[in-house]
Structure formats: C-alpha cells, structure tokens
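> Pasting a predicted model and its sequence here:
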Amino acid sequence: MKRNLLKALFFTGAGFILLQHTASAQVSLTGQLRTRTELRDGQGTLPAQDAKASVFTSQRTRLNLGYNASKYRVFVSVQDVRVWGSDQSTISNLEGSKLFLHQAWGEMILSDSATINVENLSIKAGRQEIMYDDSRLLGNLDWLQQARRHDAIVLKFSHKGWAADAGFAFNQNHGKDTPGKSGNIYNGTPTAPVVPGTNGIGMMYKSMQYLYAAKTMKYGKVTGLLFKDDFQKTQTIDGMITPVAGVNSRITIGGAVFSKVSDKIGFNAAAYYQGNNDRVGNTLDAYNLTADASYSSGKFTTNPGFDYLSGNNTTKQSSVNHRFDPLYGTPHKFWGFMDYFYVADPFGVDGNLTRSPGLVDYFIRNKFKASDKLIVALDLHEFYAANKIADSEVNPTGSTGSDRRLGTELDLVLNYSLLKNVNIEAGYATIFATDKLNVLKAPAKTKQDRGQWAYLMLNFTPDFLAKN
C-alpha cells in the first residue's frame, strides 16, 4: 500500500510539473531498465571444491526527473532493484524496501552576470552521486545494480578551467531524542543482513568532509583531493560491539594527473596517502600509487599500467595498519571484473580484512571498435600481494614463502548498440589462482584454483521527452 501510494504521488507530481512549467524551464524525464543474467562460479571469491555454479537475473528500474530553472535545479531519481523471483506472497521484513530513492537533490545557483561574475557557484544538497576523475576513490559504482549515493551538501565552484568542490555529510539513525539514548551516537553497522560499502569496510561513516580541486589545461587535467571520514567509536559491552561517544577519523590526501601527450598517446598517474586512524582506532599509515599509458591507433586502443595499494606484513603483529582503503570508488572498474579485491568480500589471511597484504596489479586493457555499433574489450591482470603472506591466522609467524603472486585474470566484454537507446552487453571473466590467493579468501579452506563468471545484460535508457 505504501509503495503504491509513493508511486502515485511521484507520477502525479511529475505530470503536474511537466504540464505547468515546460514552457518556462527545461524539464527532463529519462529512465533506465537494465536486466542482467549472471552465471557465477567463483565470482568474488574462489569456489569450494564441491560448489555448483549459480544462475540468476537481477533488474534495475530507474526513473529520473530533472527541472532546471534560471536560479536553481532539482533532480529526483527513483529506482527499484530486485532479483527475478525474489518476491514472495508475503514479503519478509528482512528484505527491506525495494523501491527507494537513488537521488533527490536541489542545487541553488549563486552566480550570474549580475551578481558574482564566475561561470558557476552553487550549493547542491540532498541525496546525490559523488564522482570525481576516474572514480578511483569517489564514484557512483554504477555497475552495481543498487549503485552508490551519499546524503550530503556540496558547495561547487568553476571558472576558466578551475574547479573546486567542498562536500559535507552527517549521518544519524533517527531524528528524535530517545530517552536513555544519545541522538549523536550513530550505529553505522545495520542490523539487516547487508554489508555497507563495497570495499569490505562493513561500516558507514558518521560524517565526512572533503575538498576537491582541479585545473583543466590544453594537454590534460591536474586534480587534488583532501578527504576525511569519521567512524563512530565502538566498545565490546556484554559481548556485543556497541557504538559509544567519539569518532575515529581517517584522512586521505593526494592528487592525479590526466594528460594527453598527442592525439594517440595519453598518460595518467596518481598518488594518495591515508593516515590518522582507521575505523576501529588503529594508527593508519597507507598509500596508493598508480600509473598507466594509452595508445590509440584507428579503432584500437591499448592501455598498460600498474596499481600499488599498500598492505600489512601478515607474518608480524603490528599496531599500525598499512592497508590502503580505496574509499567510495568503483573497484569493479580497476581490479578485475571478478571482484576479488576491495569489494564486499574482503581479502586477507583467512579472509580477515585487518590482515590484508595489499595488492599489486599489472594490467593491460585493450579496446577494439569493430564498427559504429560493436565494441570489444579484453583486459589482462597479473595480481601480486604487496607484502608477505602468513600461512594462516592461527600461525601468523609462518610464511608461504617469498613468492607473492596471487593469480592471472582475463576479462572479455562485447557491447552492441541495438538502437539509439538500447544496447546489449555480454561478458566473460576467469581467474587462475595460486595457493597464496587460497590463503587470502574465506571461508572455505579447500578451494578450486579457478573461478569464472559470465553475464548477459540488456539496457534500455529512454528519453521520454525526446522527439522521435
């Protein structure tokens, strides 16, 4: 009943806006219907010896309404995400709401020729996607059907090739003063069977603040990021992990260069440092280095490079955490489509996130535009641990030896445009793992040395107001 009422209100409001204001302002109404059928046989983690492959279809249905006036903008995106067949005759409370707001924000324009003479100065508030650069640390994670969004306020500035954003967020569990409970104690770990984030962190931030700056020039762009996220402190009380007053603050700082040397050659590089404290209060000292080059010749592009994400020496006990966390980016884009690294399923000795050795990824990405409608991509990854790997968590002083190689992954994607707003995509990925990767993935102790995954995705992106 609640869901039907929400739908009715939304469509009524959308229709009213379209009828009343189309003549005086710019209105957009777009959508997306994306179905993805997947075959999983070791996607995310190595399969157990007796594991059987699974097949399922998930669907994202999204409706986007935008309204642009001279002094402000409003955007609302409602989406429904579900697995085909998951609905029962009586819906369990554990399933949660399947219809929810993906985005709902308003942006007020503070600059124009009569007031502040800059290209843009605005304040954007509400539920929104936050994306910068190549989505390494901050991205919308669009591959995931649910995608990623933040409840935040962002001050935005741009003028003559310069851009700067300042963002702020403050999360609460409720908006009432409950007797016996502090309204500022935030439980970032939900009671429902879900894992917040996509990097195995398992906890939402209490608050976050960031400053992003960029300068666009003739041959590329230089960017800088200062990001702080604060996590509610916890204590074990009566055997249960309980949030208490205070926060542990993590600080990430760094920058990137995106350059185009010529029409055929490009070069990108980035370096980020993470310090202060991790989410549980340990001293944090970690970093991420990456560089890649690209060469385009006609229809073919090749893109070799490497990623280095620091980690812990798992054969030694330490109070300092050297594991770099890629914040709220898009791991699926960078570290293999099999999603073995920095996704919801953590990697570390016996699957323990705090005992992660970090990652070194040597990659070469290749793309071939076979025609105006067909694009073929083939990526190759060679994975290594960035630090020593212990035999097991119960034997942390043991070592699997000096060899840190984790495995080789191959990713193949074919994307074909059927119509202007309809495309079909098929992919296949496989990883050939070493025994070192077996140690780093949980829970099964005896696993197969190969995982594979395939998908077929049909994507409709209609523009309901466009002229045919």
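Everything's here; your move.
> Run through the strands of the stretch 301-450 of the chain in chain order.
Secondary structure of the stretch 301-450 of the chain (DSSP state E, counting those that start in this stretch): strands located at 320-321, 359-369, 374-384, 405-419, 422-433, 450-460.
> Return the list of helices and strands in contact with the shortest one.
With contacts defined as 3 or more CB pairs under 8 Å, 6 or more residues apart in numbering; DSSP states H and E, the packing partners of strand 320-321 are strand 283-297. For glycine as for every other residue, the C-beta is placed from the backbone atoms N, C-alpha and C.
> Which positions within the strand it packs on qualify as buried?
For strand 283-297, burial by neighbour count (16 or more other CB atoms under 10 Å) applies to 284, 285, 286, 287, 288, 289, 290, 292, 294, 296.
> Could you single out the nearest of those to residue 379?
Here the nearest of those to residue 379, counting by CB to CB, is residue 292; it sits at 11.9 Å.
> about what we covered before: now for the strands of the stretch 301-450 of the chain, which one comes closest to residue 132?
Relative to residue 132, the nearest member of the strands of the stretch 301-450 of the chain by CB to CB is strand 359-369, separated by 20.7 Å.
> Show me where the stretch 1-150 of the chain dips below the pLDDT cut-off.
Scanning the stretch 1-150 of the chain for pLDDT under 70 picks out 1-25, 86-98, 112-115.
> What residues of stretch 373-387 count as buried?
Those would be 375, 376, 379, 381, 383, 384, 385, 386, 387, for stretch 373-387 by 16+ other CB under 10 Å.
> if we can go back for a sec, any chance of the strands of the stretch 301-450 of the chain in a markdown table, with distance to residue 270 and mean pLDDT too?
Formatted as a markdown table, the strands of the stretch 301-450 of the chain follow (distance: least, CB to CB, whole Å; pLDDT from 0 to 100):
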| stretch | distance to residue 270 | mean pLDDT |
| --- | --- | --- |
| strand 320-321 | 21 | 93 |
| strand 359-369 | 14 | 97 |
| strand 374-384 | 18 | 98 |
| strand 405-419 | 22 | 97 |
| strand 422-433 | 25 | 97 |
| strand 450-460 | 28 | 97 |
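> where does the stretch 201-350 of the chain dip in pLDDT?
350.
> And the helices in it, which stretches?
Taking DSSP state H, counting those that start in this stretch as the test, the helices found in the stretch 201-350 of the chain are 331-334.
> Please report how far the nearest residue to residue 152 once chain neighbours are set aside lies from residue 328.
Take residue 152 and drop its neighbours on the chain: the residue closest to it by CB to CB, 6 or more residues apart in numbering is residue 169, 4.1 Å away. Residue 169 sits 11 Å away from residue 328, taking CB to CB, to the nearest Å as the criterion.
> For stretch 173-185, what does the pLDDT average out to?
The pLDDT scores in stretch 173-185 average 67.
> Distance-wise, check residue 303 relative to residue 234.
Distance from residue 303 to residue 234, counting by CB to CB: 42 Å.
> Would you mind telling me which of the two has the busier surroundings?
residue 234 (20 against 17; other CB atoms under 10 Å).
> OK, contacts around that one?
The contact partners of residue 234, by CB atoms under 8 Å, 6 or more residues apart in numbering, come to 241, 242, 243, 244, 280.
> List the beta-bridge partners for it.
residue 243 (DSSP bridges).
> Next, the contact list for the closest residue to residue 153 other than its chain neighbours, please.
Using CB to CB, 6+ apart and skipping the chain neighbours, the partner closest in space to residue 153 is residue 125 (4.4 Å). Applying CB under 8 Å, 6+ apart to residue 125 gives the contacts 105, 106, 107, 152, 153, 154.
> In a helix, the first one, correct?
The reference is to residue 105. No - the assignment for residue 105, made by DSSP: H, G, I helix; E, B strand; the rest coil, is strand rather than a helix.
> Neighbours of it, how many?
The burial count for residue 105: 21, using other CB under 10 Å.
> That one contacts residue 124, correct?
Yes - between residue 105 and residue 124 there is a contact under CB atoms under 8 Å: 5.7 Å.
> still on that earlier bit, export the contacts of residue 125 to CSV and append columns for distance to residue 344.
Listed next are these as CSV, based on distance: CB to CB, whole Å:
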residue, distance to residue 344
105, 26
106, 31
107, 31
152, 22
153, 28
154, 26
